[in-house]
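Undergrad: Starting from these lines, generate the structure:
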Amino acid sequence: MENVGALIFFAVLAAFICAKARVPAGAVVFALIALVLFVGTPVGEGLPGAVATFVGVVDDAATPALTNAPAETGAVG
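TA: This is a model prediction of the structure:
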């Protein structure tokens, strides 16, 4: 897969063209293709872990506000 960068570029370009032409389904499909191609590269292989960490941090921060439970401060005492 030497030319994966070109494939990603053309998928993003196709998503942009579909969005400008007001074809949302095509834009979503091409954007997902670009995302899958990017995650398959060595540069993008850490993306799923980074997204999982981000979602976990947001979940940990939002849970006390949504359940009216006191937040765990981590303080000793």
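Undergrad: Dump the helix or strand of the chain with the lowest mean pLDDT to CSV, restricted to CA.
TA: Using mean pLDDT, DSSP states H and E, helix 47-67 stands out as the lowest-scoring helix or strand of the chain, at a mean of 88. Extracted in CSV, the C-alpha atoms of helix 47-67 (Å, rounded to 0.1, in the frame of the first residue of the first chain):
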residue,chain,number,x,y,z
LEU,A,47,-6.2,6.8,16.9
PRO,A,48,-8.6,4.2,18.3
GLY,A,49,-6.8,4.1,21.6
ALA,A,50,-6.7,7.9,21.8
VAL,A,51,-10.4,8.2,21.1
ALA,A,52,-11.1,5.5,23.7
THR,A,53,-9.1,7.4,26.3
PHE,A,54,-10.8,10.7,25.4
VAL,A,55,-14.3,9.2,25.7
GLY,A,56,-13.3,7.6,29.0
VAL,A,57,-12.1,10.9,30.4
VAL,A,58,-15.3,12.7,29.3
ASP,A,59,-17.4,9.9,30.8
ASP,A,60,-15.5,10.1,34.1
ALA,A,61,-16.0,13.8,34.2
ALA,A,62,-19.7,13.8,33.2
THR,A,63,-20.9,10.9,35.4
PRO,A,64,-21.0,12.8,38.7
ALA,A,65,-22.9,15.6,37.2
LEU,A,66,-25.5,13.3,35.6
THR,A,67,-26.0,11.1,38.7
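Undergrad: which helices and strands sit right next to it?
TA: Under the contact definition 3 or more Cβ pairs under 8 Å, 6 or more residues apart in numbering; DSSP states H and E, helix 47-67 sits against helix 24-39. In short, each C-beta sits where N, CA and C put it, glycine included.
Undergrad: circling back: can you give me the offset of the least confident helix or strand of the chain from its chain's centre?
TA: Centroid separation for helix 47-67 versus its chain: 13 Å, with Cα atoms, centre = their mean, to the nearest Å.
Undergrad: ok, now stretch 30-37?
TA: On Cα atoms, centre = their mean, the centre of stretch 30-37 falls 11 Å from that of its chain.
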